[in-house]
Structure formats: structure tokens, C-alpha cells
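Q: Provide a 3D model corresponding to the input given below.
(2 chains)
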There are 2 protein chains.
Amino acid sequence: MQRIPVLKLGDYLLVTIQVELHDELALTLQDDLTLKLSRMRVRGLLIDISALEIVDSFIGRSLAHIARIAALMDASTVLVGMRPAVAITLVELGMSLDGIHTALNVDKGMQLLRAAAAGR
Amino acid sequence: MQRIPVLKLGDYLLVTIQVELHDELALTLQDDLTLKLSRMRVRGLLIDISALEIVDSFIGRSLAHIARIAALMDASTVLVGMRPAVAITLVELGMSLDGIHTALNVDKGMQLLRAAAAGR
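A: Just a heads-up that it's a prediction; the model follows:
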């Protein structure tokens, strides 16, 4: 079965989404993430979408969902690597990614998460 | 066109291979990596294959190829996240991943790269 790997980098989890998220895959990702959040000491979650050419409302909702679950489990979520065309489309479609912070790339996202963790 | 994202994490590059590597994709990855190695200050390269259920001789050769190129460009390569079944198959097929170090996961791979960089 297809699975999106969840990588642990120190106190953070990194997910790189490279394939189209369909129903089942989004749920599997959600399960894998919550399991890791509950078992490991995790301060933040980085989701890289630099490989995605399209972010539709389903993907947007799934990501917002994951961010809300992570927040309940005491981890911040930062979305990184959004392509310019994706950002334009999101705004044109009036989609808001509520509760998700964004950063240009993994390095900057990591900085944001570290700053958030230090500020708590 | 499909592309495997190359993420920069501090002084290291991280590649998560989630889809089957075919000819063109392997070449694109090689090009992207060499471009980043030449432009950025990179000390090491982590390749995560935890999503791969099969590592055939083509993928093995491509990875060994990338590791050799990275070495010429002054970066070490560590392969992480190999599944037990993949390790068993590689040995049974008599495939050796020459010139590639392996580590259990990204955290341990990162430790290995840091130790290698400190020892130079």
C-alpha cells in the first residue's frame, strides 16, 4: 500500500508530499502522523509541498485537518515549498489555509518552528 | 513533469524517494542534485528510501551513481530508511551498494554525516 513517509529530524517531523493525496492516502498520513506525535517527543511538523503542482480544496482541507490535530497534540505545523502558481490559485479560489503557517523552504520553516518552540 | 524534491536542511540535502525511479526521473534527480551541490554549501546528502518496497538493480545503480557524483563534489551520501525486506533482497541478489553508507533513519544518518564532516 502506498504511504507517505514521515521522517523524524531531531524534535521535528518532516513530510514531503510528492503524490496526489487521495482519500485513503490522506487518512493513512493522518494516522501515521498522530501515532508518531503521540509516541515521540515532537515539537513541530513540517510539510513540504514543493512537488505539488496543484493544491485543490481536498488537499487544502486535509492539510488544515492535520494542522489542527497536531495543534491538539502540542505541535505546530508549517507548510513549506509552496510553488508560486499554487499560491496564486489558492488566493484566486478564495481558499484559506487557516491555522497553517507557511514558510518559503524547509530551512526557514525549521527556523519558524524553533522560534515558536522557544517562545512557549 | 514529475520531479523528486531536493530539500535543503542546514548544510545537508535530503531526498525522499517515494515513487518508482525510472530512467528520466533518475536523470532529473541527478541533475537537480548536482546543481544544488554546485550552488550551495552542502556537506552531505541523505537519501530516504523508507517508502520503497523494492530496490532493483536500476535503482541501486542510480543511487550508487549519485553517491559517486556527490563524492566528487565533496559531499558524503548516506542512504536511510531501508526496509528489512529490501536489505534481505539486496543481499540475496548479491547487489552491493558500493560507496554508499547506510543508517537506520534520518536522525542517525544526520549524525553519521556530521561525524564525517567533523573528521575531515
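Q: C-alpha from now on. contacts and neighbour counts both.
A: Will do.
Q: give the bridge partners for the residue positioned nearest the centre of chain A, please.
A: Most central in chain A under CA atoms, centre = their mean is A:Ile47, positioned 3.2 Å from the mean C-alpha point. Beta bridges link A:Ile47 to A:Val15, A:Leu79 when assigned by DSSP bridges.
Q: ok, it touching A:Leu79?
A: Yes: A:Ile47 lies in contact with A:Leu79 (CA atoms under 8 Å); the separation is 4.8 Å.
Q: look up how far A:Val15 lies from A:Ser38.
A: 16 Å (CA to CA, to the nearest Å).
Q: neighbour count: these two, which is higher?
A: Using other CA atoms under 10 Å in any protein chain shown as the criterion, A:Ser38 and A:Val15 rank with A:Val15 on top: 19 against 12.
Q: so for the more buried one, what's the pLDDT?
A: Looking at A:Val15, its pLDDT reads 96.
Q: repeat that for A:Met1.
A: A:Met1 carries a pLDDT value of 64.
Q: spell out which parts of chain A neighbour chain B.
A: A:2-5, A:7-10, A:16, A:18, A:50-51, A:105-107 (CA under 8 Å from any CA of the partner chain).
Q: quick one: which of these has the most company?
A: Neighbour counts for the residues of chain A next to chain B peak at A:Thr16, which has 26 neighbours (criterion: other CA under 10 Å).
Q: now do the contacts for the nearest residue to that one once chain neighbours are set aside.
A: The spatially closest residue to A:Thr16, leaving aside those adjacent along the chain, is A:Asp48, at 4.7 Å (CA to CA, 6 or more residues apart in numbering or on different chains). Contacts for A:Asp48 (CA atoms under 8 Å, 6 or more residues apart in numbering or on different chains) come out as A:14-17, A:79-82, A:105-106.
Q: kindly report the same for A:Val80.
A: A:46-50, A:102-106, A:109.
Q: among the residues you listed, which ones are in helices?
A: A:106, A:109 (DSSP state H).
Q: follow-up on the earlier one: and of the contacts of A:Asp48, the nearest to B:Leu29?
A: Among the contacts of A:Asp48, A:Thr16 lies closest to B:Leu29 (CA to CA), at 15.3 Å.
Q: which residues in chain A form strands?
A: Taking DSSP state E as the criterion, chain A contains strands spanning A:6-9, A:12-16, A:44-48, A:76-80, A:101-103.
Q: so what's the residue count around A:Ala85?
A: When neighbours are defined as other CA under 10 Å, A:Ala85 has 11 of them.
Q: quick check: closest non-adjacent residue to it.
A: In space, and not counting its chain neighbours, A:Ala85 is closest to A:Glu53: 7.7 Å by CA to CA, 6+ apart.
Q: what do you get for A:Leu21?
A: Among residues not flanking A:Leu21 along the chain, A:Ile59 sits closest, at 6.4 Å (CA to CA, 6+ apart).
Q: quick one: the one you found and chain B, what's the gap?
A: According to CA to the nearest CA, to the nearest Å, A:Ile59 and chain B sit 18 Å apart.
Q: hang on, the residue nearest to A:Ala85 packs against A:Ile88?
A: No: the criterion here is CA under 8 Å, and A:Glu53 misses it with A:Ile88 at 11.6 Å.
Q: what about these two, which has more around it?
A: The neighbour comparison of A:Glu53 against A:Ile88 (other CA under 10 Å) goes to A:Glu53, with 16 against 11.
Q: quick one: low-confidence ranges for chain A?
A: Within chain A, the stretches with pLDDT under 70 are A:1, A:120.
Q: all helices in chain A, in order from the N-terminus.
A: Remark: helices assigned in chain A by DSSP H are A:23-39, A:57-72, A:84-92, A:106-119.
Q: just name the most buried of these.
A: Burial of the helices of chain A is given as mean neighbour count (mean count of other CA atoms under 10 Å in any protein chain shown); helix A:57-72 ranks first at a mean of 18.
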